[in-house]
Structures are given as structure tokens and as C-alpha cells.
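Undergrad: just need the structure, nothing else, for what follows:
(chains A and B)
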Amino acid sequence: MPKLIIDDITVEVAEGTTVLEAAQAVDIPIPHFCWHPALGKAGACRACAVKMLEGPVKGIQMSCMLPVQDGMVVSTTDPEAVAMRRHIIEWLMINHPHDCPVCDEGGECQLQDFTIAAGHGIRRYSGKKRTHVNQDLGPFIQHEMNRCIQCYRCVRYYQEYAGGTDFGVMGSAGRVYFGRFQDGELESPFSGNLVDICPTGVFTDKTARFRARYWDYEMAPSVCSGCSLGCNTTPVARYRELLKITARKNEAVNGWFICDRGRFSNSAVNDPQRPRTPLVDGRESTRDEALEALALRIAETEQLYGTGSIAIVGSSRLALEAALLLPQLAQLTSAGALCYFTSEEERATTTSHLGLLSGGTSASQQEIRESDCIVVSGCDPLQDAPMLALAVRQAWRDGATVYVVGDGIVLPCEFTAVAAVDAVPLAAAKKPVLICSASCNSDHPAGLLVQHSQLKLAVIFPAANSYGAAQLAGEQGGVSLERAVASGKIKGIISVEADIPAHLLAGIPFVAALDWRMTETVRAAQIFLPTTAWVEMDGTSINNEGRAQRFKKVMNPGLPIRGLDPAGHPPHLHRTVPPGGEAQPAWQTLALLIERVSGEPVTEPFSGRWERLRGLDAGSEGVMIHDL
Amino acid sequence: MEQILFRHNRPGRCVTFAEYQGEGGFVALKKALSGMSPDEVQQAVIDSGLRGRGGAGFPTGKKWSFVPRNLTGPRWLICNCDEMEPGTYKDRILLEANPYSLVEGMVLACYAIGVRHSFIFIRRGYEQAAANLRRAIAEATAAGLLGENIQGSGFSCDIDVHVSAGRYICGEETALMNALEGKRANPRAKPPFPAIKGLWGGPTVVNNVESLANIPAIIAQGPRWFKGTAATPEASGMKLFCVSGHVATPACFELPLGMTLGEIIDGPCGGMRPGSNFKACLPGGASTPYFTPAHLGVPMDFDPVAKAGSRLGTGGIVVFDQHTCMVAATLNLVKFYARESCGWCTPCREGLPFVVHLLEQIESGQGSEEHITILKEHVQYLNYAFCALAPGAMGPVDGLLRHFEDEVREHIITGKCPCRS
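TA: Numbers count the residues shown, from 1 in each chain, chains lettered A, B, ... in the order given. Next up, the predicted model:
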């Protein structure tokens, strides 16, 4: 590994590392705009200038363009390097408007930070600032071209990384313009990453416009619940409202980016119709009253219909903590069925695909990005797990061949359509990956895994914690609610964040629901207890690879201040929780119920083989559960 | 005086294929293909001391030698005819008079480097030159001097004429390759250099029109003869000097490298215009620092001009007389570069308009002493731009501040341009 000296600190880094990254590795920040870890070097902004004092190259160099070599002596503090960086900022600020007070990027703006860092302060240019006309880029992204510092990150991301074709750079010299040919919604399903990747305020989240400053944000590391991939996010909240969701880096999973569906998915959390108060027979009540009524009704149902008449129903969107407590509740209530799935088909296909993934055969998004041969079989990644499609594109950019089995599939890269997986030269590939869907019930992959020991599978599951649900269903002998109800025994259902179709609820005399969404089940329930959404709690989910990931509480539950009826303000009641703030994580409600029924308090959902998940760090890459 | 490139010229019209052939045209091609190995052709060009005529003066044969040998996959030759440097029009004059030397030179270069397909990337405005080239290519192909199995040698090569969409930056060889590939004409990062990874990722040589057009003479008459056509022992070959400005007879002349600036102005140019005195000149196109009367004795060859603080560049000499305001002249040049920046890197895109603004202020009498300081900073820090455009653009500003700082200061002190009444 090459060894070099940066500002008197000896650094040893891997071959191919740039001087910029080597400096970062020893906490020497070098200003940069165009360089981005996911996009690589461009050499456009020239802000990362350093002075090379010794070694194969001398003088002022761009640290992002320079691979480290043995014997380099680098100064970031040399007066000429400092002056160069100051000039860069001076040049950029010739045209960048001083509109920080009304810019949504203010406070989280790389240009602000590096302007301060570079030491440019007094304007020496006396001419006018350049102005542009902005474009309407659709409902999600605000365009403000005057702020552009032409780092080319947006176009490099949008066209090269994401494969978008409707956004680019036009014009030349001081008139370069980053936008679309004409106004219109950005077509790429990954366009929201422009907001994250722009080092200043050209692209901002339109849905969160003018709502909060960076220093007001409540935020924490989280995991997207939009599909089974478990991409890492940092949701941002203020005043009990989920304002926006940003991408969080996890090299093993989503890399640096997320899809638009995951990013612009805050409406369910903020929904004013969200059920936030415990209900007993339609009456608002306290949590204790509801729990008391629930325990009583469970006993009554058993008395009336005999043991085994209760079904405990979880779901594939339920966090692992609550899912782990369901067997205990089932046991205590002598439940006739423990269900992690409502549909038998979903249970069967999810379980059978889970069986394929035991023993390290699952491919992470990173492994897809690094694959040399990818087969997309019987599924539509762009539709059901968009970031997989983006990962496939990265592999393709690196020279992988991509094959698609099935019609009507669109991918953001070139591919070869084949009639069947047999037509793909898998044996010749070094790191082949097969992408399939758990909803497609074919036993094909099992045979392929036997034939090709190097083959890895990326299975698209129906929901965020499908893997966890299927794992527990397998361990705990869970059945589908559909089967349980068909037996005719079930007279009471306790639904924990389950989406039970109306026909399964018909004829069930007693329904209780724990949920944070307004669903058919919640409407049908006689007893309802509100739970927190994923951003309002610490929790764990297991993604499609079998990777357990921790998400942290971002905000307190409660009716967003924006949604409050002004007529009721100021509130005349003294209260200790905010309006609509009674919700608690489903596992805690379940723990209270278990305590009420059994007399034994439950303080920790993780026990037995799951104990190792207790200290799982939300900032880590997660833990593969077959390693537990 | 002996001529190499202009020896076939006819007054007022383009030389014909038959005339060119009748005067020794394509002899070099036949000689090389029948009796010389590609390495021998390359060696002859190295021995001739031919230096690139596009501006940078890099030895042509050496450039060829960087192309890796024994490499599978296509390699490319591109003739850079995107001549857009203000004050430079030699390639146009040459191609309007004689496109055949270039065609023959390109076949020889292709043979030496092992290229099957080559391109002429030509500036949009050069319609006549492009038409001449297309005709010359068709005639040469019909005569078996281009295309499949040339002269029965087993060697095949084609030439495509690609008309540029037209921007100055397209003349930068990596931006040119991007343009040829249908991308934005932004320069590429080096390394990798084009000889290793160029057009469509293949090894690529980019040579100027004039460099390639000299190859037939080198092969036909030998490298030693070619070298000897220069005016000094250090120089090699002839050079097209295109002179404009306040001389009596501005034109494009083929002259031995190493003639002094004074000899060129007083000789072929017929001296200064009546009433004009030599004040300054751009010695090699718009991106070169000014020469003053003190430089009239400098031999016009790459090294001596560099030693004297400027660059031979393209050989486009623009002469200014005593009535020329050097601030205004410089402003005019930098305006061109500010407009032609591709917009990729910060120093060029933002720095050049800043320089334009400062020079406008000074020229209009609004300048201050601080402006000189800022201009000097720009001369220094625009060197760290992505490609050579911005450093080149600062050439005349550098010259202005080195040789005419007093004139700049006079603008500032008197609050007006001293050259305007």
C-alpha cells in the first residue's frame, strides 16, 4: 500500500485511493464540489487544490484527480494552495446569489461550508450576477438555476449513474444550464437524489419547501419501509411532521442513493386521517382502558367459542420486535393460529424463496453492483424494488451483461431478452446474480443454485419485513390467516399491523387491531390501539437478503402541528402528551398486553438466538441473520 | 526560397490531382508502401525533428511512438483541422490550395501507426477546404492510393471528413474526440493520454493539418533534407506563418523555421504599413504572450520563442502598430476565450469573464490599481484550469502586464484610454 505524508501526517492507503480520500482518512477535509464518492473524479470545480511538495508530481494539483503514490508529500496549507482554493470560491461566488436566508439548502449547504473554509469574504467583482430561468421539474423537485456552481454532479448522476435521458447540460462557457429540454416532470424514478447530490440549493425537496432549517431538524438513521430492500435513509422531521426523507450511505445495501418512491413517501406518516387514539367499540379511551377491554374480550371469546378460537395476526410490514412477541401472546391466549401472513399464497411463496437463501446465497445490492452477469427473471425490479434496477445499471456500466426473462420489462440499462434462464451462459460468469420475485412461484432458482455454485440470488419480497415474517412463521409454525379462517375455528382476530382483506374479517365476531394506518381491519375492529410508524420508534427489520437493520426514532408521535385545527388553538386542556401522541411501538403495546394476561413484565423483545440484535448499531451495515 | 507545402500551389485556384501527381505527389506514399516498414516511416519522422504545427510543438514522431504496439482492437488517427485560434488561418490557406499533401501524409501516418480508419475533424466554416478534401479523397481512392489494399501493398486505410459543429474547444484533442463521439466537447482528464486511450477508448493520435502535410516531403526527400530547410541548425523544416495586422502585405507564407521576427516582417510582409511603427505582436496566435520591438531579433522557432517568454504556437503573427491600445487588444482576445470556454472548470468559466470585466473597467477609465493585482492573480491561478484553454487565454494578459504595465496604469491614472482621442 502506498505511503504518503499529508500535512506532516503519514498516511498509508490502498492503491488507487486519491489524495483527497487519503486526506479524508486522517480527518483532513479538503473542499470539493464535483468529486463525489459514488461519481468519482471530474476535475471540474478545481476546489480541492493542494500543493505537492515532494514525489512524482510537484506543484499545485487537484487532489481528487491524483492517485496516491509512494513518497508523495502533500500540503493542504501551503499559501499557494490556500490562495487557489480561495480564488475558486471567489469565482463561484461571482454568480452565486446571496439568497441563503431564503434558500432551503441554507445550513446544510456544501458551498456555504467551503466558502467559510476557503476564506473568501470580500467581493471584488463589481459586475452583475448571471441569472437563469428556472424550470418546473414536477411536484417533487424545486429548480433554482441561479444558485448553480456548475459542478456537473447532477448531470453525471442523472445520466451516467441513473441512466436518465431527459435531463442534461446545455449551453457552454458561462451559460451552461442544467435542466430539461423544456419544463416537465423528471422521468427518472431516481430523480430525488439530485436533491442530495447537489452541493448547493439548485435542487431542493419541493415537498418540504420553506419548512425548517437544518439545525431545527429532528433526524436519525432509519431504514426505508417502502419495499423489501431496506435502503438506508435519514428521515427529517419537525413539529411532529415528517418533512422529508434523504438517502443515507450503506455501501453494502443502497450505496449513496434511494429511489423516489422511498424518498417521497412521507404522506402516510403525516396523514391527518391516521388513527391516533385508542378506541373501544368506537369510543375514545385511554390505552389502559383499551388494553383492559382487549384482555377481557380475549377471555370472553375463548369462553364463548373455546380455546383455539383466537388468531394472532402479524404482517410482513410489522417490525421484528413486535413479530417476535407474537408467539408468546399466541401461547398465553391459547390461540388457534399464529399468522404472519394473511394470504396462503404469499406465505407459501415467501417461505419457499426464503428456503433458497439460507447459507449465504443471497446477493446484496453491492454484490449486484459488482456482478458480471445478471439475470432478471420473472420480475420487474423497477416496479417492485427500484434500487435493484439501479444496482443492475451499475454492474452494466462496469461491463456486466444483463439478461431479462419475460416481456414488458424496462431497465435503466441495455439488456438481452432471453426466453428462459437456460439460455444465459451462467457457467461462464464469475459473479452471476439472479434477480427474481418471491411473488413468482417458480421453483426454478433451486435447481440453478445446485447447478451453479457461484450463483447468488436477489429475491424481491412483497414488503419491508417479509423475510423476518417468513423466518418466524417457519420457526414458530405459523399458518396463513386464510387457512386458519377456513378451518372455521377462528372467532377472534388480534391484528398487529396486518392488512386483512374484508372477506376474511366477515363473520369474525371479535376483531382487535393495533396499527398506525387507517385500514379496513382498523375500521372493522372493536378495539383499536394506535402504534407508531417506523420513524416514531426504534425498531428492526430484515431486508430481502436476510440482513437485519436497526432504524432509530426520528420524531415523537402526534398530530402534526400543521394539521391542527386552528379553532382548537391554544388548547385549554392540560396534558402531558401532544394531541394524537398516545401511539407507542407495537411491541410495547404487545408487551403490556402480555403482562396483563400473564402477570410477567416483558422488557426486551430480543431473546434466545435473537439476543445479538439488542445492540445492533443503526449506523452499521446490519447483520445477516443466518449468522446469528 | 524552397517551398514544401506551397510548392504545388497555383495562383487563384486549387492544384489538381493530375498536377499534384505530376510534380512528385504520392511518390512518398508509393516509396513507403513498397519499400519501407511502418517503423522506418516512423523513424524517418522522428529523425526529421518535425514538431507539431498545431500550437504545442510536440515532436510528431515521438507522439506516434507512444501508441502501444501489438495491441488488438482498432487504433485511430485524427487530423485536427479545427483551426479557430484568432490570427491563425494557415490550414485553410493550405487546404484551399492543396488538399493532396494532407491526404498523402495521412496515409503515411496511418501506415506508420497501423491505423485502418482515420478522420479529418474540420472546422464548420472551412467549406471550401472540406470540399477539396472530399474530392481529393475520392480521387485518391479511385487511383488506388487510399482505401482497400493500397498499391497492392496489403495495407488499407480510409479517411473520413467530419465537419465540426464548431467551437474553439473542439481543437483541444480530447474535447475533439468527445465531439467526434457525439458527446459534449469537454476536454478529458489526462492521463490516460490519447495515445493509450483515446477515441472510443482506443489508442489515438491527433495531429495538426500542417504536421501531417509535411510527412510526404520527409519520406520522399529524407529527414536530413527536411531538417536542413530550416534557417538555423537547431530548427527543423519550414513553417506556415500567417501574418495579419498592421504590416504592408499580410498573408500566409511558408518560411524556414528560425527566421527572426524582424526578417519575417521586413521581408515577405513588406515591412510595416506606411505610417505604422511596430509596437507589439502576438507571435503565435491569440494565446501567446506579446512580443515587443525588443524581440524582433528572436528566431521564430519553438525553443527560442519560448526562451524569449512567449510561444511559437500556430505561427499566427498578429502585428500591432503604435496606435493600438494594448488593453483594448487584450480585452478583445480574452472576450473570445471567455465565450469559447466549454464551461467545464471553474477557473476558465468564471475567471475569464472576471478578466474581461476587469479589462473593460480599465479600458473605460474605471480601473483601479487593485485591478492590476487581481489580473496578476488570474495570470497565476488560471494556470490550474482543467485544460490549456484558460492558461492560453491568459497569455496576452501575461504579456500585457509584463510589457505594457505602464500603459495599463496610464488608463487607470488618467481615467481614460490614452490611445483614444
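Undergrad: just list whatever residues bridge to A:A548.
TA: A:I542, A:V623 (DSSP bridges).
Undergrad: could you export stretch A:267-284 as PDB, CA atoms only?
TA: Extracted in PDB, the C-alpha atoms of stretch A:267-284 (Å, rounded to 0.1, in the frame of the first residue of the first chain):
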ATOM      1  CA  SER A 267     -47.700  11.300   3.300                       C
ATOM      2  CA  ALA A 268     -48.800   8.100   5.200                       C
ATOM      3  CA  VAL A 269     -47.000   9.200   8.300                       C
ATOM      4  CA  ASN A 270     -48.400  12.700   8.200                       C
ATOM      5  CA  ASP A 271     -51.900  11.600   7.100                       C
ATOM      6  CA  PRO A 272     -54.500  13.600   9.200                       C
ATOM      7  CA  GLN A 273     -56.800  10.600   8.900                       C
ATOM      8  CA  ARG A 274     -54.300   8.400  10.700                       C
ATOM      9  CA  PRO A 275     -55.800   6.700  13.700                       C
ATOM     10  CA  ARG A 276     -54.100   8.100  16.800                       C
ATOM     11  CA  THR A 277     -56.500   7.400  19.700                       C
ATOM     12  CA  PRO A 278     -57.300   4.100  21.400                       C
ATOM     13  CA  LEU A 279     -60.900   3.100  20.700                       C
ATOM     14  CA  VAL A 280     -63.200   0.600  22.500                       C
ATOM     15  CA  ASP A 281     -66.400   0.000  20.500                       C
ATOM     16  CA  GLY A 282     -65.900   3.300  18.700                       C
ATOM     17  CA  ARG A 283     -65.400   5.200  21.900                       C
ATOM     18  CA  GLU A 284     -62.200   7.100  22.500                       C
END
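Undergrad: got the buried residues for it?
TA: Going by neighbour count (16 or more other C-beta atoms under 10 Å in any protein chain shown), the buried part of stretch A:267-284 is A:269-270, A:274-280. Using the backbone N, CA and C atoms, a C-beta is placed for each residue, glycine as well.
Undergrad: ok, longest strand in chain B?
TA: strand B:238-245 (DSSP state E).
Undergrad: and it, what does it pack onto?
TA: helix B:90-97, strand B:252-256, helix B:261-266, strand B:316-321 (3 or more C-beta pairs under 8 Å, 6 or more residues apart in numbering or on different chains; DSSP states H and E).
Undergrad: just the CA trace of the very next helix or strand once past the longest one, in PDB.
TA: Scanning forward in sequence from helix B:90-97, with DSSP states H and E defining helices and strands, the next element found is helix B:100-113. The C-alpha trace of helix B:100-113 is given here as PDB (Å, rounded to 0.1, in the frame of the first residue of the first chain):
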ATOM      1  CA  TYR B 100      -3.400  16.200 -51.500                       C
ATOM      2  CA  SER B 101      -0.300  16.600 -49.300                       C
ATOM      3  CA  LEU B 102      -2.600  16.100 -46.300                       C
ATOM      4  CA  VAL B 103      -4.300  13.100 -47.800                       C
ATOM      5  CA  GLU B 104      -0.900  11.500 -48.700                       C
ATOM      6  CA  GLY B 105       0.500  12.500 -45.300                       C
ATOM      7  CA  MET B 106      -2.400  10.800 -43.500                       C
ATOM      8  CA  VAL B 107      -2.000   7.600 -45.400                       C
ATOM      9  CA  LEU B 108       1.700   7.600 -44.500                       C
ATOM     10  CA  ALA B 109       0.900   8.300 -40.800                       C
ATOM     11  CA  CYS B 110      -1.800   5.500 -40.800                       C
ATOM     12  CA  TYR B 111       0.800   3.200 -42.300                       C
ATOM     13  CA  ALA B 112       3.400   4.100 -39.600                       C
ATOM     14  CA  ILE B 113       0.900   3.800 -36.700                       C
END
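Undergrad: chain center to helix B:100-113: distance?
TA: 18 Å (C-alpha atoms, centre = their mean, to the nearest Å).
Undergrad: interface residues of chain A facing chain B?
TA: A:41, A:43-47, A:49, A:60, A:62, A:65, A:83-84, A:87-88, A:91-92, A:94-95, A:124-127, A:149-150, A:152, A:169, A:171-176 (C-beta under 8 Å from any C-beta of the partner chain).
Undergrad: ranges for the strands of the stretch 451-600 of chain A?
TA: A:456-460, A:492-496, A:510-515, A:527-530, A:539-542, A:547-551 (DSSP state E, counting those that start in this stretch).
Undergrad: can I get the ones you listed in TSV including mean pLDDT and distance to A:P327?
TA: Formatted as TSV, the strands of the stretch 451-600 of chain A follow (pLDDT from 0 to 100; distance: least, C-beta to C-beta, whole Å):
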stretch	mean pLDDT	distance to A:P327
strand A:456-460	95	25
strand A:492-496	97	12
strand A:510-515	98	16
strand A:527-530	98	19
strand A:539-542	97	16
strand A:547-551	98	18
